[in-house]
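A.B. asks: Could you work out the structure for the sequence below:
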Amino acid sequence: MKTRWEFLFECPNMRFERVHKYEATITSEQAEAFGLPVQTFDARIIIEPDKETKRRNIEQTGSLKIVLPGDNKQTRDLAFWLAKKVEQQITFSQGDMNVMYGAVMGEHLPDSPEEAEQLGDKPFFAEAHMVEVAPTATFNSSSFQKVTGLSFPPLVGQFLTSNKLVNRSPEIRAPWLFLSDRGI
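C.D. replies: Predicted coordinates for the structure are as follows:
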């Protein structure tokens, strides 16, 4: 049996022009580390963009599909790890890709009639991951009234400006990380 995991993604500043398919070799050591049978196998990774974006102010949406041998319980950790690695690699080298881990869907793909019979009419599964939203902080005007031009260190202004730009521009990340690593 194989399992196809499906993660939704969005790219705010880049596009995939077509479906991309990859195979990633999982070594026996990696398989063992994820609790799978100790054997080398290929994971299939499919990046499937939507024809039209589903969110305003987002350049593109789509689905990231990962096919692994085993059922959803056996392959869950490896599927999430691979999704994170794909997201990181594309973000580092191309542009922002945000994989949505809140709702993850999947399907068991039987390899034999016996497995199909075992699954019956329930080959699909889904997971939902929710986080409680904290209440919005209330603005405290007394702290704003105490700020003066002379007591406001110049580096605070640089930090605030850089902090807004770090997620938008890869050119700014490297110098900012260099400075922040040195306590500047």
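
A.B. asks: residue boundaries of the strands in this structure?
C.D. replies: 2-11, 20-26, 41-49, 60-69, 98-109, 124-128 (DSSP state E).

A.B. asks: Look up how far I26 lies from the closest residue to D77 other than its chain neighbours.
C.D. replies: In space, and not counting its chain neighbours, D77 is closest to F34: 5.3 Å by C-beta to C-beta, 6 or more residues apart in numbering. In short, each C-beta sits where N, CA and C put it, glycine included. Using C-beta to C-beta, to the nearest Å, F34 is found at 8 Å from I26.

A.B. asks: higher neighbour count, those two?
C.D. replies: Comparing F34 with I26 by neighbour count (other C-beta atoms under 10 Å), the higher total belongs to I26, at 20 against 17.

A.B. asks: A43 versus that one, what's the distance?
C.D. replies: From I26 to A43 the distance is 6 Å (C-beta to C-beta).

A.B. asks: buried stuff in the biggest helix by length in the chain?
C.D. replies: Using DSSP state H, we find that the single longest helix of the chain is helix 72-93. The neighbour-count check on helix 72-93 (16 or more other C-beta atoms under 10 Å) flags 72, 74-76, 78-80, 82-83, 86-87, 90-91 as buried.
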